[in-house]
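*Asks:* have a look at this prediction, sequence included:
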Amino acid sequence: MTAVAAPTTAPPRVGGRFVTGMALASLGMWTALYTPVQVLLAQQLAVITPEGKESALGLVTGLGALVAVVANPVAGALSDRTTSRFGRRKPWVAGGALLAAAGLLLLLNQSSVAGVAVGWVVVQVALSAMLAGLVATVPDRVPENQRGVVSAWVGATQPMATLAGTALVTVVVSTVSAGYALVAGVVLVLLVPFLVWVPDSPAVPGPRAERRRGGFFASFAAALRHADFRWAWITRFLIQLGNATGTLYLLYFLRDEIRYESLFPGKRAEQGLLLLVLIYTTGIVVSAFAGGWLSDRLGRRKGLVTAAGLVIAAGSAPLAVWPTWPVTVLSAVLLGLGYGVYVSVDQALITQVLPAASDNGRDLGVISIANSLPHVLGPVIAAPLVSSLGGYPALFTVTALLGLAFAGQSGRRSPVAASNTCS
């Protein structure tokens with residue numbers, strides 16, 4: 001194994017407070033991201049432009065994701081170099097949370113597509129900085145034999161955030177403005193345990209001269225030259241592209257294709273979305289911890305990631321053929337089980353193929369491009385499919401094919417994987 005450079009001394013095992021602080025900060029961050037994408041932006045834009053809501057939502061979310069493509073790796077690289085008296089990663093996490101709350105409050109009173117787009121860009125920049133500091137903390141502070149379980153705790157917060165956020169803005173409050181204000185408060189409150197309980201990451205000596213000569217983007221390209229790291233990037237990109245295309249219009253799918261409000265008189269489509277998110281989240285939480293524990297126990301991760309891709313594809317395919325409410329519920333179960341294994345095991349696997357410990361923030365920022373770029377491309381793919389190229393059956397066919405492509409790619413053995421326990 002020649003590509004991965006690790007610290008000479010493994011970090012000590014982490015305890016409950018560390019994991020709790022990481023999980024709660026992650027929960028707040030994902031709540032600030034997914035609640036607007038799943039509910040608030042869709043509701044807001046449906047009022048601003050009822051006839052063009054699909055295109056407007058695609059434009060706003062795509063623009064925000066495009067900004068995140070650049071913002072996250074830059075923030076990660078800068079956090080690698082940060083030596084402030086407040087720490088290395090915490091200034092980026094705390095500063096990102098504060099700016100995200102401000103951006104959510106900015107969105108609160110917007111009445112034009114342009115205004116919503118500006119506010120969402122601010123939120124995306126802020127959350128990119130927060131994410132950069134959080135994800136780099138795991139390889140900085142967590143030993144390899146705990147990363148599956150820790151990644152399960154952190155990864156499970158993504159669907160939990162979707163569930164909690166959807167519940168907050170459909171049950172606790174009833175207006176878009178109140179929803180944005182409530183989410184802004186959540187991200188700040190859930191940050192506090194991280195600041196108190198999670199020690200900051202120590203600086204790690206590294207080849208800084210090379211980075212000074214080449215600059216940020218040259219160093220990003222250098223990271224992708226490592227075979228296992230490049231493999232991890234491609235598989236992450238494929239699964240997130242499927243996720244982006246398949247979930248962007250879920251609220252509109254329930255209203256316009258499933259006709260949820262006609263099936264269940266007196267119920268709103270948002271309530272159906274909440275139920276689906278609950279089912280999906282339950283599946284993720286169960287399979288994330290099972291997959292994370294099993295991968296730590298076996299010391300082998302790639303086979304589990306491949307199996308997760310097959311289950312995700314199996315969850316998307318039925319929606320292309322039978323777009324009914326019972327099938328939608330079944331798909332939510334399968335997608336939750338598959339994504340849960342993926343989110344814990346793949347994240348642990350990625351931390352084991354980082355090229356250099358001194359550049360954890362930068363390299364995880366490069367991985368984050370594989371998270372953000374699909375949300376730029378997703379609307380470009382999904383909008384024409386839904387509007388003129390076959391509708392929702394075509395959309396979910398493409399989503400299933402992306403899941404199969406992910407499973408196929410994740411099953412390939414790269415040169416480095418053959419010599420370590422990540423295979």
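*Replies:* Looks like it arrived, so ask away.
*Asks:* how about residues contacting stretch 112-120?
*Replies:* By Cβ atoms under 8 Å, 6 or more residues apart in numbering, the surrounding residues in contact with stretch 112-120 are 36, 41, 44-45, 48-49, 56, 59-61, 63-64, 103-104, 106-107, 110. In this view, the C-beta of every residue, glycine as well, is placed from N, C-alpha and C.
*Asks:* helices - which of the residues you listed land there?
*Replies:* 41, 44-45, 48, 56, 59-61, 63-64, 103-104, 106-107 (DSSP state H).
*Asks:* which ones are touching the residue of the chain positioned farthest from its centre?
*Replies:* The C-alpha centroid of the chain is most remote from residue 265, which lies 34.0 Å away (Cα atoms, centre = their mean). Residues in contact with residue 265 (Cβ under 8 Å, 6+ apart): none are found.
*Asks:* phi, psi of it?
*Replies:* Main-chain dihedrals, residue 265, degrees, to the nearest 10: phi -50, psi 140.
*Asks:* how about residue 267?
*Replies:* Backbone phi and psi, for residue 267 under degrees, to the nearest 10, turn out to be phi -100, psi 150.
*Asks:* what do you get for residue 84?
*Replies:* According to degrees, to the nearest 10, residue 84 has phi -70, psi 160.
*Asks:* please name the bridge partners of it.
*Replies:* residue 87 (DSSP bridges).
*Asks:* which SSE is immediately downstream of the helix or strand bottoming out on mean pLDDT in the chain?
*Replies:* One helix or strand of the chain scores below all others by mean pLDDT, DSSP states H and E: helix 208-224, with a mean of 56. The element immediately downstream of helix 208-224 (helix or strand, assigned by DSSP states H and E) is helix 227-247.
*Asks:* from the contact counts, what lies against that following helix?
*Replies:* helix 208-224, helix 302-321, helix 325-351, helix 360-387, helix 391-410 (3 or more Cβ pairs under 8 Å, 6 or more residues apart in numbering; DSSP states H and E).
*Asks:* show the average pLDDT along it.
*Replies:* Averaging pLDDT along helix 227-247 gives 81.
*Asks:* buried stuff in the next helix-or-strand element following that helix?
*Replies:* Next along the chain after helix 227-247, taking DSSP H and E as the criterion, comes helix 250-256. By 16 or more other Cβ atoms under 10 Å, the buried positions in helix 250-256 come out as 250-255.
*Asks:* residue 354: which of these is nearest?
*Replies:* Closest to residue 354 out of these is residue 250 (33.2 Å), distances taken as Cβ to Cβ.
*Asks:* need the helices and strands packed on helix 227-247 in CSV with distance to residue 87 and mean neighbour count, can you?
*Replies:* Shown next, in CSV, are the helices and strands packed on helix 227-247 (distance: least, Cβ to Cβ, whole Å; neighbours: other Cβ atoms under 10 Å):
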stretch, distance to residue 87, mean neighbour count
helix 208-224, 19, 14
helix 302-321, 32, 22
helix 325-351, 20, 24
helix 360-387, 13, 23
helix 391-410, 35, 21
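*Asks:* to residue 80, which of those lies closest?
*Replies:* helix 360-387 (4.2 Å).
*Asks:* quick one, the closest one and helix 227-247 angle?
*Replies:* If you take axes from the mean of the first three to the mean of the last three Cα atoms, to 10 degrees, helix 360-387 sits at 30 degrees to helix 227-247.
*Asks:* quick one: distance of helix 360-387 to the chain centre.
*Replies:* Offset of helix 360-387 from its chain centre (Cα atoms, centre = their mean, to the nearest Å): 10 Å.
*Asks:* stretch 235-247 now?
*Replies:* With Cα atoms, centre = their mean, you get 10 Å for stretch 235-247.
*Asks:* next: stretch 167-185.
*Replies:* That offset, for stretch 167-185, works out to 21 Å (Cα atoms, centre = their mean).
*Asks:* same question for stretch 43-59.
*Replies:* Using Cα atoms, centre = their mean, the offset of stretch 43-59 from its chain centre is 23 Å.
*Asks:* so where is the stretch 301-423 of the chain shaky, pLDDT-wise?
*Replies:* 301, 357, 409-423 (pLDDT under 70).
*Asks:* what does stretch 275-290 contact?
*Replies:* Contacts for stretch 275-290 (Cβ under 8 Å, 6+ apart): 38, 149, 152-153, 155-156, 158-160, 162-163, 166, 250, 254, 328-329, 332-341, 343-344.
*Asks:* picking up where we left off before, can I get the buried residues of helix 250-256 in JSON lines with pLDDT and distance to residue 193?
*Replies:* Output for these, formatted as JSON lines (pLDDT from 0 to 100; distance: Cβ to Cβ, whole Å):
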{"residue": "250", "pLDDT": "82", "distance to residue 193": "31"}
{"residue": "251", "pLDDT": "83", "distance to residue 193": "32"}
{"residue": "252", "pLDDT": "83", "distance to residue 193": "36"}
{"residue": "253", "pLDDT": "86", "distance to residue 193": "36"}
{"residue": "254", "pLDDT": "90", "distance to residue 193": "35"}
{"residue": "255", "pLDDT": "88", "distance to residue 193": "38"}
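*Asks:* just put those residues in TSV and tack on distance to residue 142.
*Replies:* Shown next, in TSV, are the buried residues of helix 250-256 (distance: Cβ to Cβ, whole Å):
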residue	distance to residue 142
250	33
251	36
252	39
253	38
254	39
255	42
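*Asks:* looking at the helices and strands packed on helix 227-247, which is nearest to residue 179?
*Replies:* Using Cβ to Cβ, the helices and strands packed on helix 227-247 put helix 360-387 closest to residue 179, at 20.6 Å.
*Asks:* who does the closest one touch, helix- and strand-wise?
*Replies:* helix 53-81, helix 113-141, helix 208-224, helix 227-247, helix 391-410.
*Asks:* can I get these in TSV with distance to residue 371?
*Replies:* Listed next are the helices and strands packed on helix 360-387 as TSV, based on distance: least, Cβ to Cβ, whole Å:
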stretch	distance to residue 371
helix 53-81	8
helix 113-141	9
helix 208-224	15
helix 227-247	5
helix 391-410	14
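*Asks:* for the ones you listed, which one sits closest to residue 28?
*Replies:* Across the helices and strands packed on helix 360-387, residue 28 has its closest neighbour in helix 113-141 (8.6 Å, Cβ to Cβ).
*Asks:* much appreciated, bye for now.
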